[in-house]
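Peer 1: quick one, structure for this:
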Amino acid sequence: MSTFSPQEPSDDIIARAATGRLSRRTFLVRAGALALSAGAAASLLAACGGSTTGTDTVTVVAGDNQFWPTVQTYNTANPHLKVTTIVSAWGNGGQDMKEKELVLMSGGTFPNLAQMVWLKEFAREGLLLDLTDTAKSWDVYPHLNSAQIARMSYNGRIYGLTLGNNTVFQYYNKDILARVGMTGPLTTLDQVQELASKILAARLTTAHGNPIYTTAFDGGNWATDYWLWAGGGSQMNDDYTQTLIDSPASIAAYATMQNLVKSGAAPKPDGTSLQLWLNGQIAMYISGEWDALATAQAKLNYGTAVMPKGPTGLNTTSIGGVEYAILKKSSNQDAALSLLKAAASSTYQTDTNPHVIDYFSDLSDYANPAKQAAWNSQGPGVAQSRLVTADQLQSSRYNFLEAPYVFPDAATIYNDALQQVLVQLADPATVMKSAASQINQGISGAVNS
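Peer 2: Predicted coordinates for the structure are as follows:
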């Protein structure tokens, strides 16, 4: 019979291991019951004097155990380095992985490399190694755009390498547009409004009588903030100390979104927009490369393009991806640096291995014929979606309120406000002024604490 109690919290086990109050055998049994990998257990044992694999090992917290071992094959500076992966589920917004990293550190165990979208938060807390001078010598550095560097940086210093960057773009249904005498792609928000008016006037439905919408607003603020920026609004000031979601221009942008819902040109966001798109019920679907294969398999007559520009000429979208950073208190930092340098090398960046092909940073590699051939082999529409992603990434930016590094509750407050505007159809000015007040008070309190 197992002696493991499922109610025993993992952080308590880690704390007891770190103080030597668990035997090595008992700790390994309980680590297994917690679904920690052998590498994670070895790393945790290092905190309490257990044996490890030595100075030729780097431990990484990541979402799978194939990526970094593949990167290691490009590590010419340290070809015999052993990579041990602590595999973690991502969870909502990365919460599961973040909690695992915090649990490890609270027990005195510091993996060499850790995956995150909370780099700025950890850097602000002094948990990460400053990589600025080293990063500027990486092969990939001259090919990074400002949004990528923003994801990697805090207070003008670089703390990690960004990989797998992505963003949203427009999928457009050619048949729906043709039914109202229009063609795609849609290049301006004025055209989107024209399309909405024409679809509503024609009372378009599918062959099964289902309503046809102009667009949809699923995806949380990471996706929908396109409408804010294209509409002339602002999310934050330049140093991220104050939100501007209550400015007149921002409120006008939210009102534009709400009016599309009120008029019936867009459904209330409820997570079903992908299915509506695949059913042929959305004219302009805003999503990313992850929906390319499903779209092609749905046999829609569609195209893809960058997002329409707003009245100020902007079609800015949020940049996604993950960062890998070196924990400041970890050992073997030179070895970890050699692994990051390998991931940033021009030779790795062109790799077409299915496990790593999308985890690169050099945006010029979207045009690499070998990568394009590999994407084509994954199914129809995949390669084209990558090319549109590359184009749209040139107009992308860091989204503070996706994962705020100061006052994290700001993300919840903001997304709740968006739900009030787009689902409950509450007054945008009232809602956003209240949300802005809460967010700004929270940021001020955190900064001054």
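Peer 1: wait, isn't Met185 in contact with Tyr172?
Peer 2: For the record, residue 185 is Pro, not Met. Yes. Using C-beta atoms under 8 Å, Pro185 makes contact with Tyr172 at a distance of 5.6 Å. (Glycine included, C-beta is placed from N, CA and C.)
Peer 1: so for these two, which residues contact both of them?
Peer 2: 303-305 (C-beta atoms under 8 Å, 6 or more residues apart in numbering).
Peer 1: on that earlier part again, neighbour count for Pro185 and Tyr172, which is higher?
Peer 2: Tyr172 (24 against 19; other C-beta atoms under 10 Å).
Peer 1: dihedrals phi and psi, the more buried one?
Peer 2: Tyr172 adopts backbone torsions of phi -130, psi 140, taken as degrees, to the nearest 10.
Peer 1: show me what contacts it?
Peer 2: 184-186, 283-285, 302-305.
Peer 1: which of those fall within strands?
Peer 2: In this view, the contacts of Tyr172 that belong to strands under DSSP state E are 284-285, 302-305.
Peer 1: just name the closest of the residues you listed to Leu102, please.
Peer 2: Tyr285 (36.6 Å; C-beta to C-beta).
Peer 1: quick one: buried residues of the longest helix along the chain?
Peer 2: Ranked by number of residues, the top helix in the chain under DSSP state H is helix 428-448. The neighbour-count check on helix 428-448 (16 or more other C-beta atoms under 10 Å) flags 428-429, 431-432, 435-436, 438-440, 442-443, 446 as buried.
Peer 1: what about stretch 417-425, distance to the chain center?
Peer 2: 23 Å (C-alpha atoms, centre = their mean, to the nearest Å).
Peer 1: from here on, count from 35
Peer 2: Let's use 35 as the start, then, which means that last one is stretch 451-459.
Peer 1: list the buried residues in it.
Peer 2: Result for stretch 451-459 [16+ other C-beta under 10 Å]: buried residues 451-452, 454-456.
Peer 1: secondary structure class for Tyr205?
Peer 2: Under the three-state scheme (DSSP: H, G, I helix; E, B strand; the rest coil), Tyr205 adopts strand.
Peer 1: surely it and Val340 touch.
Peer 2: No. Tyr205 lies out of contact with Val340 (C-beta under 8 Å); the separation is 11.6 Å.
Peer 1: higher neighbour count, the two?
Peer 2: Tyr205 (26 against 21).
Peer 1: top of the shared contacts of Pro219 and Tyr206 by number of neighbours, please.
Peer 2: Highest neighbour count within these, by other C-beta under 10 Å: Thr338, with 23 neighbours.
Peer 1: okay, and the beta partners of it?
Peer 2: On the basis of DSSP bridges, Thr338 is bridged to Tyr205.
Peer 1: tell me who's in contact with Leu361.
Peer 2: Neighbours of Leu361 in contact, by C-beta under 8 Å, 6+ apart: 139, 144-148, 161-163.
Peer 1: list the contacts of stretch 455-466.
Peer 2: Counting by C-beta under 8 Å, 6+ apart, 251, 279-280, 284-285, 288-289, 291-292, 295-296, 302-304, 451, 454 sit against stretch 455-466.
Peer 1: related to what we said a few turns ago, out of the contacts of Leu361, which sit inside helices?
Peer 2: Filtering the contacts of Leu361 for membership in helices, criterion DSSP H, returns Met139.
Peer 1: now, of the contacts of Leu361, which are buried?
Peer 2: 139, 144-148, 161-163.
Peer 1: and the helices in the stretch 35-184 of the chain?
Peer 2: Using DSSP state H, counting those that start in this stretch, the helices of the stretch 35-184 of the chain run over 44-52, 58-67, 72-80, 101-106, 129-140, 153-158, 166-169, 180-186.
Peer 1: for these, which has the smallest mean pLDDT value?
Peer 2: With a mean of 33, helix 58-67 has the lowest mean pLDDT of those.
Peer 1: about what we covered before: possible to save the buried residues of stretch 451-459 as JSON lines with secondary structure and pLDDT?
Peer 2: Shown next, in JSON lines, are these (DSSP: H, G, I helix; E, B strand; the rest coil; pLDDT from 0 to 100):
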{"residue": "Ala451", "secondary structure": "helix", "pLDDT": "98"}
{"residue": "Leu452", "secondary structure": "helix", "pLDDT": "98"}
{"residue": "Gln454", "secondary structure": "helix", "pLDDT": "98"}
{"residue": "Val455", "secondary structure": "helix", "pLDDT": "98"}
{"residue": "Leu456", "secondary structure": "helix", "pLDDT": "98"}
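Peer 1: got CSV for the residues you listed, with distance to Ser372 too?
Peer 2: CSV is the format used below for these (distance: C-beta to C-beta, whole Å):
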residue, distance to Ser372
Ala451, 45
Leu452, 43
Gln454, 49
Val455, 49
Leu456, 47
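Peer 1: which one of the residues you listed is nearest to Asp130?
Peer 2: Leu452 (23.9 Å).
Peer 1: now do the contacts for that closest one.
Peer 2: Counted by C-beta under 8 Å, 6+ apart, Leu452 has contacts 254-255, 258, 288.
Peer 1: and it, how far is that from Lys302?
Peer 2: Per C-beta to C-beta, to the nearest Å, Leu452 is found 11 Å from Lys302.
Peer 1: likewise for Ser430?
Peer 2: Distance from Ser430 to Lys302, by C-beta to C-beta: 27 Å.
Peer 1: settle it for me: which of those two has more neighbours?
Peer 2: Using other C-beta under 10 Å, the more surrounded residue of Ser430 and Lys302 is Ser430, with 27 against 15.
Peer 1: do you know the pLDDT at the more buried one?
Peer 2: On pLDDT, Ser430 comes in at 98.
Peer 1: for it, which non-adjacent residue is spatially closest?
Peer 2: Leaving aside its chain neighbours, Ser430 sits nearest to Ile353 (3.9 Å; criterion: C-beta to C-beta, 6 or more residues apart in numbering).
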